[in-house]
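Visitor: sequence and computational prediction follow.
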Amino acid sequence: MTTHHLDTLRRDGYVLMPGVLGAAALPTIKTAAKHILDAHGSDTMRPSDLLADPDLTSALFSTRVRTTISALFGPSQTLYLYPNFTIRNNLYINWHTDDFFLDAPLEKASALPSLFMFNVYLQGNSLDAGGGLDVQSGTHRLPKSERQARAQADGPAPEHFVASGAGDLIVFDYRVVHRGTIPAGTVRPDRMALQWTMSTSDDVAAVYLAYLQIRASRKLHISDFTRHRAQEFFDDLPHIRAPALIERFSPAFFDSQLRFADMATYLREEPR
């Protein structure tokens, strides 16, 4: 199973793993998430708010998620979880990649990525209602200039829609050209995703965490130039500390193979 999923991810830039969150728990998770997001008037949840809700922590820091991660990467692979875990609702940003902050590639185009993005959907998604993921398959292997050109596309893209059901997980390469599936009509029902980022090495940690930290004060990502700029979310990231998180969720989630990369550990000086 591990080889199959990683081969698919290497080839396409993404892989779908169905039923990672059980259907019975989803209504409770969605209700808790909607309450928090509405209370803050935001479409991006602060990590500290997620950590304060037992229904949400039981979804992310669960045996089921941990087992899925091990099934994907293998039980001996060392992995690093980053503090930008969140739940988003109806966040639609046009085509982009998540490696634009790098001056030089971290790996060869043919290699598996250094960073993996995880989305678990809390409802079924469709071209009409939106909420899923559109991926330009294979674009992670293209030169950056060509990927940037591909990201200029606009309009409907049914050929790039990845069909996902409630509780399904999509893991994707941070280099692949992607976007949230934009609803076809004017009505936008709630469409939520539990999201987090992981790497297979801590070599990238200082670079990635510095980028996350800088976004609290600078506009870098395409979303930062829209009404979706998540100021409170990025302000919150330095407060998520490894010792408290590991003590709270070990050994069921964190262990010698799955570690937490926080800003306090990797960013000892303020970025200039």
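Guide: Done, it's in. What you see is a predicted model, and the numbers here were worked out from it, not measured in a lab.
Visitor: going toward the C-terminus from the top helix by length along the chain, what's the next helix or strand?
Guide: Ranked by residue count and defined by DSSP state H, the top helix of the chain is helix 26-40. For helix 26-40, the succeeding helix or strand toward the C-terminus, using DSSP states H and E, is helix 47-51.
Visitor: okay, that next one in CSV with CA atoms only?
Guide: Below are the C-alpha coordinates for helix 47-51, written out as CSV (Å, rounded to 0.1, in the frame of the first residue of the first chain):
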residue,chain,number,x,y,z
PRO,A,47,-4.3,26.5,15.6
SER,A,48,-4.8,27.4,19.2
ASP,A,49,-8.6,27.4,18.7
LEU,A,50,-8.4,24.0,17.1
LEU,A,51,-6.3,22.8,20.1
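Visitor: begin at 56 from now on, thanks
Guide: Yes, from this point I'll number from 56; that puts the last item at helix 102-106.
Visitor: for the residue lying closest to Ala87 once chain neighbours are set aside, what are its contacts?
Guide: Nearest residue to Ala87, sequence neighbours excluded (Cβ to Cβ, 6 or more residues apart in numbering): Asp110, at 4.4 Å. (Each C-beta comes from the backbone N, C-alpha and C, glycine too.) For Asp110, the contact set (Cβ atoms under 8 Å, 6 or more residues apart in numbering) comprises 80, 83-84, 87.
Visitor: again, 10 Å this time
Guide: Residues counted as contacts of Asp110 (Cβ atoms under 10 Å, 6 or more residues apart in numbering) are 80, 83-88.
Visitor: low-confidence ranges, the stretch 56-205 of the chain, go.
Guide: 56-57 (pLDDT under 70).
Visitor: so which residues of it form helices?
Guide: Listed in chain order, the helices of the stretch 56-205 of the chain (DSSP state H, counting those that start in this stretch) span 57-67, 81-95, 102-106, 109-115, 118-128, 199-205.
Visitor: what's the answer for the stretch 206-327 of the chain, then?
Guide: Using DSSP H, counting those that start in this stretch, helices in the stretch 206-327 of the chain cover 260-269, 286-291, 297-304, 318-321.
Visitor: what's the average pLDDT for stretch 307-315?
Guide: Averaging pLDDT along stretch 307-315 gives 96.
Visitor: start to end distance for stretch 155-167?
Guide: 17 Å (Cα to Cα, to the nearest Å).
Visitor: and that stretch, which residues are buried?
Guide: Within stretch 155-167, the residues scored as buried using 16 or more other Cβ atoms under 10 Å are 155-157, 161.
Visitor: again, but for stretch 60-75
Guide: Judged by neighbour count (16+ other Cβ under 10 Å), stretch 60-75 contains these buried residues: 60-61, 64-65, 67-72, 75.
Visitor: tell me how far it lies from the chain's centre.
Guide: Using Cα atoms, centre = their mean, to the nearest Å, the mean C-alpha position of stretch 60-75 is found 14 Å from that of the whole chain.
Visitor: and that stretch, end to end?
Guide: Span of stretch 60-75 from end to end, Cα to Cα: 14 Å.
Visitor: again with stretch 105-114
Guide: Terminal-residue distance, stretch 105-114 (Cα to Cα): 10 Å.
Visitor: buried sites along it?
Guide: Buried-residue list, stretch 105-114, by 16+ other Cβ under 10 Å: 105-106, 108, 111-112, 114.
Visitor: do stretch 126-141 as well
Guide: For stretch 126-141, by 16+ other Cβ under 10 Å, it's 127-128, 134-141.
Visitor: sorry, back to before: now render the buried residues of stretch 60-75 as a markdown table, adding distance to Ser305.
Guide: Compiled in a markdown table, the buried residues of stretch 60-75 are given as follows (distance: Cβ to Cβ, whole Å):
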| residue | distance to Ser305 |
| --- | --- |
| His60 | 26 |
| Leu61 | 26 |
| Leu64 | 28 |
| Arg65 | 31 |
| Asp67 | 34 |
| Gly68 | 32 |
| Tyr69 | 30 |
| Val70 | 27 |
| Leu71 | 29 |
| Met72 | 24 |
| Val75 | 21 |
